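A.B. asks: Here is a sequence together with a model predicted from it:
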Amino acid sequence: MSINMVSIQSLLKDFQKAFYEDDFPAQLSIHQQIKSDPSHKPLLRDQAPMEYFKYKSDLKVVKRCKALLESKGWSTARESPTIKIESQGGGSNFLSKSTLLINSNVFEVMAVIAEFDLVTTW
């Protein structure tokens, strides 16, 4: 077994551990190590666990969301002391974002966000 194969397997095993421990800084650090060595790329196709592919997919979504949130051109649609709703674009490319004050504990708020797919049943 080559040094690269042993190295990538070790990194991926460490990545899986960090993934299940929700250790985001470790996941990012390992991902950067993997990316920094181009010889790892062909080995990833056969060796990378699904957790690594999920992380990479989620990272793309996070980067896209961050870019949208920080982008210029948002118009305020509604604003009150507890909520601000902004929009951008139109038609099939309509986006909205909200900033709001919620008088509740963080766990209740996160439960609603985690089950957002059930919003049509509320």
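C.D. replies: On my side now, so go ahead. If you're wondering where the values come from, they're calculated on a predicted model, not measured in any experiment.
A.B. asks: okay, CA-based contacts and neighbour counts for the rest of this
C.D. replies: Will do.
A.B. asks: can you list the domains in the chain?
C.D. replies: If you go by automatic domain parsing, the domain ranges for the chain are 3-69, 72-121.
A.B. asks: shaky segments in this structure?
C.D. replies: 1-5, 116-122 (pLDDT under 70).
A.B. asks: Show me which helix runs longest in this structure.
C.D. replies: Longest helix in the chain by number of residues, with DSSP state H as the criterion: helix 50-70.
A.B. asks: Any idea how far it is from the middle of the chain?
C.D. replies: 4 Å (Cα atoms, centre = their mean, to the nearest Å).
A.B. asks: could you pull out the helices for the protein?
C.D. replies: 3-20, 24-36, 40-47, 50-70, 106-114.
A.B. asks: rewinding a little: would a markdown table of the domains of the chain with mean neighbour count be doable?
C.D. replies: Shown next, in a markdown table, are the domains of the chain (neighbours: other Cα atoms under 10 Å):
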| stretch | mean neighbour count |
| --- | --- |
| domain 3-69 | 14 |
| domain 72-121 | 11 |
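A.B. asks: Now residue 69: closest residue in space that isn't a chain neighbour?
C.D. replies: residue 97 (7.8 Å; Cα to Cα, 6 or more residues apart in numbering).
A.B. asks: CA-only coordinates of stretch 38-48 in PDB, if you can.
C.D. replies: This file holds the C-alpha atoms of stretch 38-48, laid out as PDB (Å, rounded to 0.1, in the frame of the first residue of the first chain):
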ATOM      1  CA  PRO A  38      -3.600  16.800  -5.400                       C
ATOM      2  CA  SER A  39      -2.400  13.200  -5.300                       C
ATOM      3  CA  HIS A  40      -5.400  12.500  -3.000                       C
ATOM      4  CA  LYS A  41      -7.900  13.400  -5.600                       C
ATOM      5  CA  PRO A  42      -7.900  10.100  -7.500                       C
ATOM      6  CA  LEU A  43      -7.900   8.100  -4.300                       C
ATOM      7  CA  LEU A  44     -11.000   9.900  -3.000                       C
ATOM      8  CA  ARG A  45     -13.200   8.500  -5.700                       C
ATOM      9  CA  ASP A  46     -12.800   5.000  -4.400                       C
ATOM     10  CA  GLN A  47     -12.000   5.600  -0.700                       C
ATOM     11  CA  ALA A  48     -14.000   8.600   0.600                       C
END
